[in-house]
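Peer 1: Let me see the structure of the following:
(one chain, ligands or ions: 1)
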Amino acid sequence: MANTKVSELVFIPAPGVGHIMSTIEFAKLLVNRDRNISITVLIIHPPYSSSVLTTYIQSLPMNPIERIRFIELPRDQETTPKLDLEAPFMSFYGFINSHRNYVRNAVSDMVSRPGSGRIVGFVVDILCTGMIEVANEFGIPTYVFFTSNAAFLGFKLYIDTLCRDWKKEEVIELSKSDGELSIPSFIKTVPMSVYPAIYQTRDGLKFLTISMKKFREVKAIMVNTFLELETHAIESFSSYTDFPPVYAVGPVLNLDGVAGKPEDKDVIRWLDGQPRSSVVFLCFGSMGCFEEVQLKEIAYALEQSGHRFLWSLRRSPPPEQSFKFLPDDYDDPRSILPDGFLERTNGFGRVIGWAPQVSILAHEAVGGFVSHCGWNSMLESLWFGVPTATWPMYTEQQMNAFQMVVELGLAVDIKLGYKDNIFNREGNTAIVMAKEIESGIRRLMADEEVRAKVKKMSKMSRATVVEGGSSFASIGRLIQDFIA
Ligand SMILES: O=c1ccn([C@@H]2O[C@H](COP(=O)(O)OP(=O)(O)O[C@H]3O[C@H](CO)[C@@H](O)[C@H](O)[C@H]3O)[C@@H](O)[C@H]2O)c(=O)[nH]1
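Peer 2: This next block holds a predicted model:
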């Protein structure tokens, strides 16, 4: 007999650091909010090797949370499709879909478990919308947890609408032109220079149209954002009649960080010894890394700027290993930095590998953040009131940078339209010269107007998630929708 009092949700996050962490934090938030909600998280192991992600997944069962159960789906090396660098999105989508049978089995077990609750919904990541098919087989509604922002969701919707009337080649041609787009979720017209490179391919567009079609089938979309930050973008969805309701439920953050290392304490101790707001922190997300020539330009810029710095430096996998391995720490970063750089900057700068980013941003010594503009990083920097200098690299980050700098005035730019092809790094990117980086760092540390706006937004981001706040209320309405 099912326990009718308990509402069960099945969460299916995507195996990427920037996706899985916020999704699981959202699960925690829901069970804390309502004692009658219970959640089973189905973990799909990544198809590539990532020490950070593996450490994070392994840590989950070690920190039990009441009413959240983690089930790791089997890794079937024989039958899972391999990732294709020519079609990274669709092959990743195929990889996720190859787990459908495991999801069916897990849900069948849940349904037949005595005393289990009524399954009221699947909550899936954008990369896992193929699982809607399984939810439909069980007659269970699906919700999407969108780990990026509302403006970008609006971009996808806009391009999807274009693709109904235009051939994909025409959309690609348009995206490579010099023009601008009037996208309803953006206040200003959006220059093509910030159009994400991944959607300038047939593979990316195919994924976009498939996932948007699936989005139209779901009961609601939860976006990791908040009304005070993205008022215009969130309100823009009300003009669509054939799109599900959008709930702004953020910022949903993992304030515990990812993969704690013993050296992290040493980094924090070093920050303890620095003056307030004096340190520039540089970090480029779970997939960010640069060629040696670019690293040298960053090093020169840091030296010239004279600001104290903390630089998270990660090594790209060799080209033939792209997408089989994610970036990792250098054994010895000295090998790729300019001669004598570490000695000359000793005392005012530090180079580290994977950073305890959240603890660093929370530290009062940090005065600025040079970031790749991954959405979690943007939300974390706003939460802690640290202004950003934008250096977007891959996926939707150019649009995030445009939004932060041009639309919202919450960041300064180093580069808005920098694009890195993470699936094929060989000679694909222009070099940003030291002078440009140095100028960005100087503006970041000196711009009091942006700093004041960020501090104000920091207060709003904290107020929105507590009782009386808009995201708090939004989650309340969502829970009513789950249990109705
Ligand atoms: O050295 C590091 C690097 C990252 N992080 C953390 O890892 C997360 C990274 O997330 P995010 O900033 O969003 O970057 P990505 O890992 O690049 O995230 C992917 O997912 C995001 C959400 O969909 C998108 O916005 C990005 O473009 C996409 O690349 C954040 O919580 C960081 O605090 C660390 O703790 N230490």
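Peer 1: so residue 108, which of the three states?
Peer 2: Under the three-state scheme (DSSP: H, G, I helix; E, B strand; the rest coil), residue 108 adopts helix.
Peer 1: and it, how many residues sit next to it?
Peer 2: 11 (other Cβ atoms under 10 Å). For every residue, glycine as well, the C-beta is placed using N, CA and C.
Peer 1: For the ligand, what is the nearest residue in the stretch 101-250 of the chain?
Peer 2: Residue nearest to the ligand within the stretch 101-250 of the chain: residue 147 (3.6 Å; Cβ to the nearest ligand atom).
Peer 1: One more: the stretch 251-400 of the chain?
Peer 2: Counting by Cβ to the nearest ligand atom, the stretch 251-400 of the chain gets nearest the ligand through residue 374, at 2.2 Å.
Peer 1: just checking, that residue touches residue 283?
Peer 2: No. The criterion here is Cβ atoms under 8 Å, and residue 374 misses it with residue 283 at 9.5 Å.
Peer 1: more neighbours, those two?
Peer 2: Legend: neighbour count by other Cβ under 10 Å for residue 374 and residue 283, higher for residue 374 (26 against 22).
Peer 1: what does this structure put close to the ligand?
Peer 2: Residues of the chain lying near the ligand by Cβ under 6 Å from any ligand atom: 16-19, 21, 147-148, 254, 257-258, 283, 285-287, 312, 354-355, 357-358, 374-377, 380, 395-397.
Peer 1: In strands, which of those residues appear?
Peer 2: Of those, the ones assigned to strands by DSSP state E are 283, 312.
Peer 1: rewinding a little: next one, pLDDT for the residue of the stretch 251-400 of the chain closest to the ligand please.
Peer 2: If you check residue 374, the pLDDT there is 97.
Peer 1: wait, what's in contact with the spatially closest residue to it that is not a sequence neighbour?
Peer 2: Leaving out its chain neighbours, the residue that sits closest to residue 374 by Cβ to Cβ, 6 or more residues apart in numbering is residue 285, at 4.2 Å. Contacts for residue 285 (Cβ atoms under 8 Å, 6 or more residues apart in numbering) come out as 17-18, 371-372, 374, 377, 393.
Peer 1: filter those residues to the buried ones?
Peer 2: Using 16 or more other Cβ atoms under 10 Å as the burial test, the contacts of residue 285 include 17-18, 371-372, 374, 377, 393 as buried.
Peer 1: Show me which of those is closest to residue 464.
Peer 2: When the buried ones among the contacts of residue 285 are compared for distance to residue 464 (Cβ to Cβ), residue 377 wins out at 18.5 Å.
Peer 1: Can you pull the phi and psi angles for the residue lying closest to that closest one once chain neighbours are set aside?
Peer 2: Excluding the flanking residues, the one nearest residue 377 by Cβ to Cβ, 6+ apart is residue 371, at 4.9 Å. Per-residue torsions, residue 371: phi -130, psi 150 (degrees, to the nearest 10).
Peer 1: Is residue 371 in contact with residue 390, as I believe?
Peer 2: Yes. At 6.7 Å, residue 371 counts as touching residue 390 under the criterion of Cβ under 8 Å.
Peer 1: returning to that earlier point: who's in contact with the residue of the stretch 101-250 of the chain closest to the ligand?
Peer 2: With Cβ under 8 Å, 6+ apart, residue 147 has these contacts: 18-19, 22-23, 125-126, 224, 375-376.
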